[in-house]
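> just to be clear, the model below is a prediction. Sequence and coordinates:
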Amino acid sequence: MKQLFLILICSIFFVAAGAQTNYNEAMHQGDSLLRIEKYDEAITKYFAAEAFDPLQKKEVKKMVDSAFKMIKAQKKFAEEKKVEADSASAREKRSADTAKLKQLQIERINLSNAPYKYIRLIRDGPKEESKIKRDSFDLKLIAYSNHLDTLKELLKDMPKERNDYKDLREKLYYNNELYEKIYACLEYNDAKPTVLKQIESIQADYFSVQFFSDSSAGFKLSNDSGRITAARSDIVYETPGDEGRKFTSFTLSNKLKRIFCATDDNYIIVYNSVDFGKHSNALDTIALGTKVTAIDFDDNNSIIYFGTVKGDIGFIKYNNDRKNQPVYDLENALGSQITAMDVFEYAQDTFLLATGQNSKAVVYKTDNHFLEPGNKFSGNILPDQDLGYINHATFDTLQKQVILETFKAGIKTIYLWDPITKRVLEKYKQLIKLPPEILEANKFY
């Protein structure tokens, strides 16, 4: 418990420190742009700073007001000079042109800042039933999401703002902030089975046999003996290994023709999967320093993902010809023994499913920053933390959902869980009809 408490405190510290760093950097960039009279870009940077650290709202407002005052002063100065040199008709024309230019500038600023506003409204939205009801947040959430999607087309001729918008929306959809709000609103509307559905007993037996049999491509791990067997032409070969050593989990690489076996004495041993048998010699031995309880291999990127008995998630950039160094990522610990790791692809993206023994399940999106040590993974977390012991989990490509096998009070239950934000949001929109006046009242661009 003390270790978990320290990990949580450290996580909060590093997240806060990261937010402050990003806030300071954005404010500094805004100040620099202000000094060279690039006011609209400066205002955008200030709003970006607020998105990183909402607690600095007053300071950001002060700087935004200062930028607008400078815009106003610049406009006034320009108009005064033109009045002195031009005729009345020319002044009128320039005044009209200036007003139009000012309006276009304001519209551009509004479009630039609207994504930050909607993301902040979603992020700060309530999850408690009473607050959702009081604020009509279940309706506003759809309005915010619709307007956020509309901005994609409106920003198409603004390259920098379009790229910033893309990054912001990507993070929102995969860092749990939007997902947990949709889940809360589904619960408020008595529609949780839309995203987390318990399977009937007959179906549960089917899923258990089909997906949780501990077998893969002719290999099987015995939980009792800790040995892996491989069926070859009706002959069963037992895995090699010293007396007393047991395997705790394994995974295959179809491209490399390797089988990666985690052991109870803190190693990953790599064998050739083609001739795997009792007399096989190990190709590689990777020291872990702790017991691995779940493992999977990303064949496209040659990465071993593993989960430990203590709840940590780690990875190894596997290379046959170099030393393979495990990286443990305490930022993403699940707090209890890892029971499943599953790399899967959906809609041309790659994801990693990880489950902890004490009801925690997370689906991470493996983007370009995923393998940076100490980086907080972007992931959607199953909000329901009272399912019991999660024994197995996998992403089923036919159902396009995560299948969870749980045990609570000695009873086995299987659930289908949809962790994909975009798909869950569409289900929610179909369930809840949004009045047009709510959509229009929450338009800020």
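Okay, I see it.
> low-confidence regions, the chain specifically.
By pLDDT under 70, the weakly predicted segments of the chain are 1-21, 82-91, 209, 213-227, 229-244, 278-279, 321, 329-331, 368-370, 373-376.
> can I see the domain layout of it?
1-85, 116-193+425-445, 196-417 (automatic domain parsing).
> which one of those lies nearest to residue 108?
Between residue 108 and the domains of the chain, the tightest spacing by Cβ to Cβ is seen for domain 1-85, at 6.2 Å. Yep, even glycine has a C-beta here, placed from its N, CA and C like the rest.
> returning to that earlier point: and the domains of the chain: which comes nearest residue 105?
Using Cβ to Cβ, the domains of the chain put domain 1-85 closest to residue 105, at 6.2 Å.
> please identify which helix or strand holds residue 252.
Assessed by DSSP states H and E, residue 252 sits inside strand 247-253.
> partners of that strand in the sheet?
Strand 247-253 has its sheet partners listed here by DSSP bridges as strand 258-263 (antiparallel).
> chain center to the strand it pairs with, what's the gap?
For strand 258-263, the gap between its own C-alpha mean and the chain's C-alpha mean amounts to 28 Å (Cα atoms, centre = their mean, to the nearest Å).
> contacts for that strand next, please.
With contact meaning Cβ atoms under 8 Å, 6 or more residues apart in numbering, strand 258-263 is reached by 219, 228, 239, 241, 245-253, 268-273, 276, 283, 288, 291-293, 295, 297, 304, 306.
> could you rerun that using 6 Å?
Applying Cβ atoms under 6 Å, 6 or more residues apart in numbering, the external contacts of strand 258-263 come out as 245, 247-252, 268-271, 273, 276, 292, 295.
> following it, which helix or strand shows up next?
Downstream of strand 258-263, the next assigned helix or strand under DSSP H and E is strand 267-272.
> what angle do that next one and strand 247-253 make?
40 degrees (axes from the mean of the first three to the mean of the last three Cα atoms, to 10 degrees).
> who are the packing partners of the helix or strand just after strand 267-272?
Moving toward the C-terminus from strand 267-272, the next helix or strand (DSSP H and E) is strand 284-287. Where contact means 3 or more Cβ pairs under 6 Å, 6 or more residues apart in numbering; DSSP states H and E, strand 284-287 is packed against strand 267-272.
> tell me the strands beside the strand it packs on, with direction?
strand 258-263 (antiparallel), strand 284-287 (antiparallel).
> only C-alpha atoms, please: export it in CSV.
Output of strand 267-272 as CSV, limited to C-alpha atoms (Å, rounded to 0.1, in the frame of the first residue of the first chain):
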residue,chain,number,x,y,z
TYR,A,267,13.7,-13.9,-17.1
ILE,A,268,12.3,-13.9,-20.6
ILE,A,269,13.8,-16.8,-22.6
VAL,A,270,13.5,-16.8,-26.4
TYR,A,271,13.3,-20.0,-28.5
ASN,A,272,12.8,-20.8,-32.1
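> quick check: buried residues in it?
267-271 (16 or more other Cβ atoms under 10 Å).
> contacts for that strand next, please.
Contacts for strand 267-272 (Cβ under 6 Å, 6+ apart): 258-262, 280, 282-287.
> could you export stretch 288-299 as PDB, CA atoms only?
What follows is stretch 288-299, C-alpha atoms only, in PDB (Å, rounded to 0.1, in the frame of the first residue of the first chain):
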ATOM      1  CA  LEU A 288      14.000  -8.700 -16.000                       C
ATOM      2  CA  GLY A 289      14.700  -8.200 -12.300                       C
ATOM      3  CA  THR A 290      11.000  -9.000 -11.500                       C
ATOM      4  CA  LYS A 291       8.500 -11.600 -12.400                       C
ATOM      5  CA  VAL A 292       6.500 -11.100 -15.600                       C
ATOM      6  CA  THR A 293       2.900 -12.300 -15.400                       C
ATOM      7  CA  ALA A 294       1.700 -11.200 -18.900                       C
ATOM      8  CA  ILE A 295       3.400 -10.700 -22.200                       C
ATOM      9  CA  ASP A 296       2.700  -9.900 -25.900                       C
ATOM     10  CA  PHE A 297       4.800  -9.100 -29.000                       C
ATOM     11  CA  ASP A 298       4.200  -6.400 -31.600                       C
ATOM     12  CA  ASP A 299       5.300  -8.000 -34.800                       C
END
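> starting at the chain centroid, how far to that stretch?
Chain-centre distance of stretch 288-299: 21 Å, with Cα atoms, centre = their mean.
> got the buried residues of strand 267-272 as JSON lines, with distance to residue 421 columns?
Converted to JSON lines, the buried residues of strand 267-272 look like this (distance: Cβ to Cβ, whole Å):
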{"residue": "267", "distance to residue 421": "38"}
{"residue": "268", "distance to residue 421": "33"}
{"residue": "269", "distance to residue 421": "38"}
{"residue": "270", "distance to residue 421": "36"}
{"residue": "271", "distance to residue 421": "39"}
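> checking my notes, residue 111 in a helix, right?
Yes. Membership of residue 111 in a helix is supported by DSSP: H, G, I helix; E, B strand; the rest coil.
> can you give me the distance of it to residue 168?
Relative to residue 168, residue 111 is positioned 13 Å away (Cβ to Cβ, to the nearest Å).
> swap in residue 274?
Using Cβ to Cβ, we find residue 274 at a distance of 47 Å from residue 168.
> which of the two has more neighbours?
residue 168 (18 against 10; other Cβ atoms under 10 Å).
> thinking again about what came up before, and the buried ones among the contacts of strand 267-272, selectable in PyMOL?
Remark: buried members of those, expressed as a PyMOL selection using 16+ other Cβ under 10 Å:
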select buried, resi 258+259+260+261+262+280+284+286
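> and which of the contacts of strand 267-272 is nearest residue 136?
Using Cβ to Cβ, residue 262 comes nearest to residue 136 of the contacts of strand 267-272, at 50.0 Å.
> okay, helices next: where are they in the chain?
Taking DSSP state H as the test, the helices found in the chain are 2-35, 39-52, 57-85, 88-123, 129-135, 137-154, 159-174, 177-188, 201-211, 421-431, 436-441.
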